[in-house]
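Colleague: Structure of the sequence below:
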Amino acid sequence: MSKVATRVPILMFHSISEAGGPTSIAPATFEAMMTLLAESDYHVVSLQDVSSWHEGEKNLPEKSMAITFDDGFVDFREHAHPVLERLGFPSTLFVPTRKAGGKEDWYGGHDAKRPLLDWPDLQILDNALVDVAPHGRHHVALTSVDESQLREEIAGSKQDLEAQLNKTSTHFAPPYGQVNASALAEIDRHYELSVGVEHGVATRDSNIHDLPRLEMFYYQDLKRWQDFLDGKGGTYLALRRLLRAVRQRIKPVSYA
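Modeller: Numbering: from 1, shown residues only. Here you go, the predicted model:
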């Protein structure tokens with residue numbers, strides 16, 4: 001009997017471009033990453049598969065992995081999707097619904113603001129191995145808004161996306177991964193699954209509304225990525241988790 005998954009890495013990307021900075025990965029590097037993944041023993045699954053697995057409704061192959069992108073940059077269509085489509089990899093693209101067709105204008109964005117996909121492009125992508133899902137309405141930290149704004153960002157972005165794409169949206173990603181008890185409760189009311197930014201690998205014990213993901217900026221060194229795919233990346237993963245936690249304790253970020 002083949003083994004089944006007890007943990008599922010969920011990859012987190014943002015921009016696939018030469019823009020530089022911690023939210024950009026060069027197109028050539030991304031393609032090399034995906035090629036190594038295709039040559040590995042991993043099976044790329046959808047977030048809906050992850051949701052069903054987490055709830056015990058289905059098993060996944062022992063080495064399963066999901067791919068996600070935050071923000072909905074135009075370069076996803078230009079540089080990421082052609083590679084994913086060629087390899088047959090499903091992915092989830094989280095978009096701030098009231099920013100579609102504009103440019104990033106939020107905390108932590110680039111000075112040279114990167115353009116965002118518009119709804120016609122998102123409609124095309126949503127029918128081509130890509131699950132387009134909400135990332136709030138305005139890319140604000142959910143911990144910095146009042147109760148009314150919280151509902152608008154979480155429930156409102158679901159309404160926007162469903163109206164534009166004529167689909168039911170069951171997955172969510174809070175901007176910056178920032179959540180508190182109120183945000184988690186509101187997410188739970190509207191979505192089956194939500195992903196965060198805690199650097200780690202999801203298990204069935206992980207909070208289904210704050211699943212950890214692998215920050216792929218840390219795996220641009222292809223040898224390091226290959227080590228992870230070969231099951232030899234545990235020490236590095238633990239180190240990155242520790243450094244991330246220490247940095248946040250020393251210098252917490254305010255998104256207000």
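
Colleague: okay, CA-based contacts and neighbour counts for the rest of this
Modeller: OK.

Colleague: Tell me the buried residues in the lowest-mean-pLDDT helix or strand in the chain?
Modeller: For the chain, using mean pLDDT, DSSP states H and E, the weakest element among its helices and strands is helix 234-250, scoring a mean of 76. Neighbour-count burial for helix 234-250, counted by 16 or more other C-alpha atoms under 10 Å, picks out residue 237.

Colleague: Give me the contact list for it.
Modeller: Outside helix 234-250, the residues that touch it by C-alpha atoms under 8 Å, 6 or more residues apart in numbering are 198, 199, 200, 228.

Colleague: same check, this time on stretch 195-211
Modeller: Applying C-alpha under 8 Å, 6+ apart, the external contacts of stretch 195-211 come out as 6-10, 51, 53-55, 172-174, 176-178, 184, 187-188, 192-194, 212-215, 237, 240-241.

Colleague: Can you work out which other helices and strands pack against the one helix or strand residue 34 maps to?
Modeller: When secondary structure is defined by DSSP states H and E, residue 34 falls within helix 27-39. Using 3 or more C-alpha pairs under 8 Å, 6 or more residues apart in numbering; DSSP states H and E as the contact test, the elements touching helix 27-39 are helix 81-87, helix 222-229.

Colleague: export those to a markdown table and tack on distance to residue 132?
Modeller: Rendered in a markdown table, the data for those read as follows (distance: least, C-alpha to C-alpha, whole Å):
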| stretch | distance to residue 132 |
| --- | --- |
| helix 81-87 | 12 |
| helix 222-229 | 26 |
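
Colleague: Which one of those helices lies nearest to residue 155?
Modeller: Proximity of the helices and strands packed on helix 27-39 to residue 155 was assessed by C-alpha to C-alpha; the nearest stretch is helix 81-87, lying at 27.4 Å.

Colleague: which of the residues in that closest one are buried?
Modeller: Taking 16+ other C-alpha under 10 Å as the basis for neighbour counts, the residues of helix 81-87 that come out buried are 81, 83, 84.

Colleague: Which secondary structure elements does it sit against?
Modeller: Helix 81-87 sits against helix 27-39, with contacts defined as 3+ C-alpha pairs under 8 Å, 6+ apart.

Colleague: how far out from the middle of the chain is the helix it packs on?
Modeller: Per C-alpha atoms, centre = their mean, to the nearest Å, the displacement of helix 27-39 from the mean C-alpha position of its chain is 17 Å.

Colleague: Counting by contacts, list what the helix or strand following it packs against.
Modeller: Downstream of helix 27-39, the first helix or strand assigned by DSSP H and E is strand 43-44. Counting by 3+ C-alpha pairs under 8 Å, 6+ apart, the packing neighbours recorded for strand 43-44 are strand 64-70.

Colleague: Residues contacting the strand it packs on, please?
Modeller: If you take C-alpha under 8 Å, 6+ apart as the criterion, strand 64-70 is touched by 5, 7-15, 42-47, 50, 90-95, 135, 173.

Colleague: now, which of the residues you listed lie within helices?
Modeller: With helices defined by DSSP state H, the entries of those inside them are 47, 50.

Colleague: Give me the nearest residue to the residue nearest the centre of the chain, chain neighbours excluded.
Modeller: When the chain is reduced to its mean C-alpha position, the nearest residue by C-alpha atoms, centre = their mean turns out to be residue 68, at 3.6 Å. Counting by C-alpha to C-alpha, 6 or more residues apart in numbering, residue 68 lies nearest to residue 92, which is 4.7 Å off, once chain neighbours are set aside.

Colleague: so what's that neighbour scoring on pLDDT?
Modeller: The score at residue 92 is 98. That number is its pLDDT.

Colleague: who's it bridged to?
Modeller: Beta-bridge partners of residue 92, counted by DSSP bridges, are residue 68, residue 131.

Colleague: thinking again about what came up before, narrow the contacts of strand 64-70 to just the buried residues.
Modeller: Buried members of those, counted by 16+ other C-alpha under 10 Å: 7-15, 42-47, 50, 90-95, 135, 173.
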